[in-house]
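Student: pasting a predicted model and its sequence here:
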Amino acid sequence: MNFVSFEFLIFFGLVLLPYWIIRDRRWQNLLLLASSCIFYGWLVPWHVLVLLASTLLDYLLALGMGRWKSGTGVLFWTGLISNLSLLTLVKYYFSFNHSLAAWLDGIGFEGDIFLARIILPLGLSFYILKKIGYLSDVRRGTLSPVTDLVAFAAYVSFFPQVFSGPIDRPQTLLKQLQEPRIWKVEHVQQAAGLLVMGFFKKIVIANTVKVIVDQIFLLEQPSWVLLLVGGLGFTLQILADFSSYTDISRGVSFLLGLETMENFRQPYLALTPGEFWNRWHISLSSWLRDYVFFPLRRTLLRIRSLPEILVQSIPPLVTMFISGLWHGVGWQFIVWGLYHGVLIVLYQWSGLRMDASQMPVPRVRLFAAWLTMFVLIVFGWLIFRAPSLTWLWNVLLHAPLYRNSFELTAGLSLLSIVAFYASLLMIGSVIDHHRERLTGLRPLYYAAATLMIIVFLNSSSPDFIYFQF
Amino acid sequence: MKKSPFLLRYMVYLTALLLLSFLLPIRYGIPYPKPLEPTFKPNVKREYGETIAATQPGIVLVGDSVLYLGVDQHALSDLLEVETYAIGIPGSGSAVWYLILKNVILESVPRPAYVLIVFRDTMLTVPSYRTTGRYFVVVDDFAGRNEPLVSQLAYINQMSAVERLAEQYFPLYSARWEIRRGLDHYIRYTTPSVLLGCTVECTDEAINAIFGKDRVNVTALNQAVEDAGRTLYAPQVMDFDEQVERSFLPAMIKLARENDITLIFVRTRTLDFPEAASEPRALREYIESLGTYLAGQPNVYFLDFAHHPKILDSYFFDTIHFTEEGKSVFTGLLAQELSPILE
């Protein structure tokens, strides 16, 4: 089930009312679990079985770790391997294996590639990271294993997060699920703002800009001008799209009396590679930092013979490599991840310091740092969005700046569309940033955004390239 | 419960703006309450009817870009020794084909004896496919002022109860196309006009030249085609019995029968499902049901080229369109299959 659908509004309304009527947290958790199963299994019901079976296994393994101290390591590795196997099997093996249809035929399923796609459980990457984090924390002793199976399953399958995060930690979300929930006006206020912005970013901005971006990346060899427009467009689209889901997810959670973590904090204002990852997909970045980067770094520091340069470089490179793998199947995601890893390492080596907490930095230098970082981010998104690495390589090496006046005109026209929708987002950010001073303007902006959502609803941009054929 | 200032102000502004939106019907000349059916221009595009009248073809072929790029009408005429005329409208679906049959073919004198509808998979029974957004222009080209069946099947039946209410009584929603068109127009054309002195036509020409067929990456295009066609393979769409009575298919057959026209439905091949084994079971069952349904209709034929062994993968430039070589081969095969029907 999609957040941006009429079905979801009805579904959520049907969950919300009994949720606040019953009040008892155990029944509320049971309702959350049941509704999460319906939400998750809406398209393919048996996906729920994969989710519940793997959740039950991790629940039992964590309980075992709590009771059988000497077997903690074995149980942890069993959980880790089972989760990673499931993730690898689904995300990589199935995606690469075009003969899956034949295999399915062999075991009695009607084989076809559509079916092959449908049987891949969505959202697996998100809930598996939640479970691995939980097992790691139990193993380290920073978290006691949960005995309440319903609360744990509700945490893993929590419907506002199950498809696209944020990857909330057990210390925050699971803890809240084990406590009574209180209806607060502040939650409603927070939810209203988040829901409006979430739908606004998705329906008005992301869906509209996507059309332009798709058109440009369909070209055999766009000029640099068009590539730049496509890159800027995708930079806007991916932020609006991804953060919209987080906003809606957080808004829905607030209405359920649960506070979930922020996932994006104006990432394109970052001045350094590290800062970008502290602002972009924060729940994933912090997960990778805590469960990959730090443990790896600690391990390397123990190896005294290892040169300092390797101790400093390997952790970011490996972490960002894993981040790339997590984001998608294909070389371009691996290269995109490594690209960001290299940026972090180069920044460390450069000795530059641009942190806001450092002593005052001249404005010109700040601007130069921001611009450099922004260009590097946009280039990273080009790697991410290009149809293939060969395509990007070919465009960068062989395409001209622009071929004729047509390209300049088209580029300018499309750029103005991207700039217009970017400005809507920027105005929102400025107003939110100065919310204390702009108390009157903020509700007006949100009201106007609501109106735009209505206008853009069911009128998705008709400019589909394929129309020309 | 004490309301927070943000929520209160937000509600006040929203209410004020919503009240203001009731002026939109005046601004855009939309009646209030707005009728549910779309407003069509009164005139049907004349050029196709005029060509039929001038060339008097024995067979008229109707379809979308697959027909436009996939059948050589002159070669087909030569092979069949019958004058043929292909109306391949890019971006069209069954609503447009029904309108072409009703408003172009049946209105022309003399009428052709055979009408061939070229389609892919479930297109015949998805009445709303390619009817909204910019596709509406294509529907409008072939619609008269009153098209109750098209309005009902392609538009009204697709709306939920809430949408119907909003469409009629909520001006902001009912004027959404006009508002978006105005906004898009303003954003798209202003900058090229101010900076380059490029008019609307000049900007459109530039965009069309840049994003033309010849400059598109085939692999990426295939993905886009697949995404666009995904609505044709939704589980509910592949339930033939459920869909057929809500589609234009019975009306097309009825119109043809009443006017002594033989209808021939031609299913083309796509690379989405290159082999029969790779087709979803639901689609296979759908096609079987379609075949049975059409076999039960007098003067109706069904030709299925979806898994024809002589149509090779190399004959496609994307997942659905033929190359020039594919066009030539497909035209020949079509002529072979049509010959016994015409005898």
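Tutor: Here it is on my side, so go on. Numbering: from 1, shown residues only, chains lettered A, B, ... in the order given.

Student: okay, A:Thr235 and chain B: tell me how far apart.
Tutor: For A:Thr235, the distance to chain B (C-beta to the nearest C-beta, to the nearest Å) stands at 18 Å. All C-beta atoms are positioned from the backbone trio N, CA, C, and that covers glycine.

Student: and what of A:Phe199?
Tutor: For A:Phe199, the distance to chain B - C-beta to the nearest C-beta - is 14 Å.

Student: skipping its backbone neighbours, what lies nearest that residue in space?
Tutor: Excluding the flanking residues, the one nearest A:Phe199 by C-beta to C-beta, 6 or more residues apart in numbering or on different chains is A:Ile453, at 5.0 Å.

Student: I'd say the one you found and A:Met197 touch.
Tutor: No: the pair A:Ile453 / A:Met197 is not scored as a contact, 10.0 Å apart, by C-beta atoms under 8 Å.

Student: of those two, give the one with the bigger neighbour count.
Tutor: A:Met197 (24 against 19; other C-beta atoms under 10 Å in any protein chain shown).

Student: show the contacting residues for the more buried one.
Tutor: Going by C-beta atoms under 8 Å, 6 or more residues apart in numbering or on different chains, A:Met197 touches A:Ser244, A:Asp247, A:Gly428, A:Tyr446, A:Ala449.

Student: which pair of these spans the longest distance?
Tutor: Across those, the longest distance by C-beta to C-beta is 14.5 Å; it joins A:Ser244 and A:Tyr446.

Student: so for B:Ile52, what's the nearest residue that isn't a sequence neighbour?
Tutor: B:Ser108 (4.1 Å).

Student: again with A:Leu30
Tutor: Nearest residue to A:Leu30, sequence neighbours excluded (C-beta to C-beta, 6+ apart): A:Val150, at 5.5 Å.

Student: where does that neighbour land in three-state SS?
Tutor: helix (DSSP: H, G, I helix; E, B strand; the rest coil).

Student: which of the contacts of A:Met197 fall in helices?
Tutor: A:Ser244, A:Asp247, A:Gly428, A:Tyr446, A:Ala449 (DSSP state H).

Student: and the third one, how far is that from chain B?
Tutor: Just to be clear, that refers to A:Gly428. For A:Gly428 relative to chain B (C-beta to the nearest C-beta), the value is 14 Å.

Student: and the residue of the stretch 1-150 of chain B found nearest chain A, what element?
Tutor: Nearest residue of the stretch 1-150 of chain B to chain A, counting by C-beta to the nearest C-beta: B:Gly133, 2.9 Å away. In this structure, B:Gly133 sits in neither a helix nor a strand according to DSSP states H and E.

Student: which phi and psi values does it adopt?
Tutor: Note on B:Gly133: its backbone torsions stand at phi 60, psi -140 [degrees, to the nearest 10].

Student: any idea how far A:Arg298 is from it?
Tutor: Relative to A:Arg298, B:Gly133 is positioned 55 Å away (C-beta to C-beta, to the nearest Å).

Student: kindly report the same for A:Pro267.
Tutor: From A:Pro267 to A:Arg298 the distance is 28 Å (C-beta to C-beta).

Student: ok, how many other residues are close to the closest residue in space to A:Asn2 that isn't next to it in sequence?
Tutor: Spatially, and ignoring its direct neighbours in sequence, A:Asn2 is nearest to A:Phe8 (6.3 Å; C-beta to C-beta, 6+ apart). Counted by other C-beta under 10 Å, the residues lying close to A:Phe8 total 17.

Student: now do A:Phe8, the pLDDT please.
Tutor: Note for A:Phe8: predicted pLDDT of 88.

Student: next secondary structure after whichever strand or helix holds it?
Tutor: Here A:Phe8, judged by DSSP H and E, is contained in helix A:6-22. Note on helix A:6-22: by DSSP H and E, the next helix or strand toward the C-terminus is helix A:25-40.

Student: which parts of that following helix are buried?
Tutor: A:25, A:28-33, A:35-40 (16 or more other C-beta atoms under 10 Å in any protein chain shown).

Student: thank you, goodbye.
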